[in-house]
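Engineer: Give me a model of this one.
(chains A and B)
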Amino acid sequence: MKALHAYLLLLPAFVLLVAFTHYPAVATLVESLFSTPKGSRPAVWVGMENYALMVNDPVFWKAATNNLWFALATIPLSIGLALMMALWVNERMTGRGFLRMAYFTPTVLPMIAVANIWLFFYTPSYGLLEQITGFFGLPSHNWLGDPRTALGAVTVVAIWKEAGFFMIFYLAALQSLNPSLREAAAIEGASRWYFFRRVQWPLLMPTTLFVIVNAVINAVRMVDHIIVLTRGGPDNASTLLLYYLYEVGFKFWDTSYAAALTVVLLAVLASVALIQFFVLDRKVHYK
Amino acid sequence: MQRNSFNRLLAATAIAAAAMPFGTQAQTQTEISFFYPVAVGGAIATYIDNLAADFTKENPTVKVKPIYAGSYQDTIVKALTAHKAGAPPVTSVLLSTDMFTLIDEDAIIPIDSFVKTADDKAWMNSFYKAFMLNSQTGGKTWGIPFQRSTIVLYYNKESFKAAGLDPNKAPATWAEMADYAKKLTVKDSSGKVSQYGIQIPSSGFPYWLFQALAIQNDVVMANDTGNAVKFDDPKVIEALQYWVDLSKSGVHPAGIVEWGTTPKDFFEKKVAMMWTTTGNLTNVRKNAKFDFGVAMLPASKRKGSPTGGGNFYIFKKSTPAQQEAAFKFIKWVTQPERAARWSIETGYVATSNAAYETEPLRKYGAEFPPALVARDQLPFALSEFSTHENQRVTKALNDGLQAALTGAKSPTAAMQDAQKEADRILRSYK
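Structural biologist: Prediction:
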């Protein structure tokens, strides 16, 4: 009876989760094993064919490598930047409120809108970046139009966008730290770096774990700016997995192949999340 | 804006219902949903609202319900998703090149089945042939041209004068364009280019602009049935070589040129000549702070440009009464007077010769001659590149073009790779 009561209370959340998370995930897995239905041709069982196709698809591998680099750059850089900004605006100083707001602004702006602004930052000859490099007499460069710099350019936008968001978590965590720790450290004559390394950083670990999980998810989730800035070009130089998935699913209408890509993406994300929770979690110090 | 028109619509319906005598109220009104690709409210959305309301005034039994669905890409995503769920719009304006995709999804029906009277037939024949090329396949007509465009050359007359060129004479051949571009390229004292001679955008959909080069070199890249392409044809490679050479010789910006910022580059005098859609005409007229000219694209072996833009389609999964009503609406909205006004309001090319003969458009053309360049170029225009699995095949071409333009591959290697990829995609349609 008690159990029934509990399940009844859980029912609304359960229904939502099943309808919008678990069922779609299973349906995706099933669909990835069939061919794409086209007009009068219904879907037929093809087994692992979509996955075999993926192994031989150069664009998929290009997108996967790009995404790996994108993740390797955005995760540590945005977290590092967020931590620095949080430590900075945590100090007592004039204009603190303004600084906090300035750092948080990128987070609240819609990505599509800011990407359109960044488009003009990167524009060759008269873009903001070009004006700065031009001032120092550097040659003009087509940042988004050169395959060597396109991925880097979109990565910078992602870091800029994310750092402010993570800063908020760090700032909240810093403010919940017991001020007596700082006083104790001051009495003991600890340097600021020592205090950060031995006291603040370990105490911030739960926040860091949370932020890392989010950063990893965002590294495969943020593609809005790609659509505005490069559309994956030049020649797939800045294609990320989710953008490619969108192209396959909603431009090429190859829904089965898109489902197979989704399954792979889910598997990768799930394994990363498991590693984070079972390995990193042990190193986290909870109060 | 949208709420305003919604309120107006609501009020209009209320008044109409109140004013209606009891006898006619029993008569059923056919409602047709109409997906239209516009992202935000504004002049165009209001104009479409008014068209729908005017149509209902003349045909009280039909109510057109415009639904603004975003970009072309968003609109086809919504329309096809709705089709798969069994409830597509009755009619929609979608890219003319999406015809094969829509046929493959079994989503649309041919327009021919509604053409019954001699008047209908005359109407079907009134459109420019260049526009119908993208609307017909297998002996059937699947779409009706509505908002169509072509590529034209915009040039800065002041830069022409400064370079000692005749400001009333645009380059007519490839050799002339390369030569003019060289003369128009300006470098500052440190050797940095402050104004390029020419730019042809290559981001996003370079295939469309490249297609103009291919047509001018007298080669058509896709066949009529949309199941074979000729990317590795020597003439196609030659056309790409011309583009790559412009970029290599320093008269065209290096790497990929962004489509979206190209008009701005032109306004900022960073480029003296640009290729872009006629749809930019109103934008250039408003924002260029110098005297500019509009001309047909130059010729290599012939003149030419692909067409672009959107067609009306009628969806299969709707009732025959709705389809008939949609046909009536499409026919009504593409009549010469309305096509003429549409062209003046938006800058799109009017879709029939009769539209250019109407008084308002004749007057507009006399007062702003650049508006007529697109029309004059139409006899040389061919259909926009379109095949089965269109987006996938164009991606193969786009990737190849960008690889060549960024110097990652030679034009020959890039086009051979694109050909291989396209053959693989199209093998099941042969």
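Engineer: Show me what residue of the stretch 1-150 of chain B gets nearest to chain A.
Structural biologist: residue B:106 (3.2 Å; C-beta to the nearest C-beta). C-beta coordinates here come from the backbone N, C-alpha and C atoms, glycine included.
Engineer: residues in chain A within reach of chain B, list them.
Structural biologist: A:38-40, A:59, A:119-120, A:123-126, A:134, A:137, A:139-140, A:142, A:144-147, A:230-231, A:233-236, A:247, A:250-254 (C-beta under 8 Å from any C-beta of the partner chain).
Engineer: any bit of the helix or strand encompassing residue B:425 sitting next to chain A?
Structural biologist: Secondary structure assignment for residue B:425, by DSSP states H and E: helix B:411-426. No - Helix B:411-426 is not in contact with chain A by C-beta under 8 Å from any C-beta; minimum separation 8.6 Å.
Engineer: Quick one: mean pLDDT over that helix.
Structural biologist: Averaged across helix B:411-426, the pLDDT comes to 93.
Engineer: what do you get for stretch B:179-189?
Structural biologist: pLDDT averaged over stretch B:179-189 gives 91.
Engineer: contacts for it?
Structural biologist: Stretch B:179-189 is contacted from outside by B:159-160, B:163-165, B:171, B:193-198, B:246, B:249-252, B:272-273, using C-beta atoms under 8 Å, 6 or more residues apart in numbering or on different chains.
Engineer: quick one, phi psi at the closest residue in space to residue B:321 that isn't next to it in sequence?
Structural biologist: Excluding its sequence neighbours, the residue lying closest to residue B:321 (C-beta to C-beta, 6 or more residues apart in numbering or on different chains) is residue B:30, at 5.3 Å. Main-chain torsions, residue B:30, degrees, to the nearest 10: phi -90, psi 130.
Engineer: Residue B:30: what's it in contact with?
Structural biologist: Per C-beta under 8 Å, 6+ apart, neighbours of residue B:30: B:61-63, B:321-322, B:325.
Engineer: Between the residues you listed, identify the one with the most neighbours.
Structural biologist: Highest neighbour count within the contacts of residue B:30, by other C-beta atoms under 10 Å in any protein chain shown: residue B:325, with 25 neighbours.
Engineer: The helix holding residue B:425 packs against which elements?
Structural biologist: helix B:234-248, helix B:390-405 (3 or more C-beta pairs under 8 Å, 6 or more residues apart in numbering or on different chains; DSSP states H and E).
Engineer: Contacts only, for the closest residue to chain B within the stretch 51-200 of chain A.
Structural biologist: As assessed by C-beta to the nearest C-beta, chain B sits closest to residue A:145 within the stretch 51-200 of chain A, at 3.3 Å. Applying C-beta under 8 Å, 6+ apart, one finds that residue A:145 lies in contact with A:124, A:234, B:202-203, B:253-258, B:406.
Engineer: Throw those residues into CSV and include distance to residue A:186, thanks.
Structural biologist: What follows is these, written out as CSV (distance: C-beta to C-beta, whole Å):
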residue, distance to residue A:186
A:124, 52
A:234, 55
B:202, 60
B:203, 56
B:253, 58
B:254, 57
B:255, 55
B:256, 56
B:257, 58
B:258, 54
B:406, 57
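Engineer: and the residues you listed as TSV, adding secondary structure?
Structural biologist: Formatted as TSV, the contacts of residue A:145 follow (DSSP: H, G, I helix; E, B strand; the rest coil):
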residue	secondary structure
A:124	coil
A:234	coil
B:202	coil
B:203	coil
B:253	coil
B:254	coil
B:255	coil
B:256	coil
B:257	coil
B:258	coil
B:406	coil
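Engineer: hey, which helix or strand in chain A has the poorest pLDDT?
Structural biologist: Least confident helix or strand, chain A: helix A:281-283 with a mean of 74, by mean pLDDT, DSSP states H and E.
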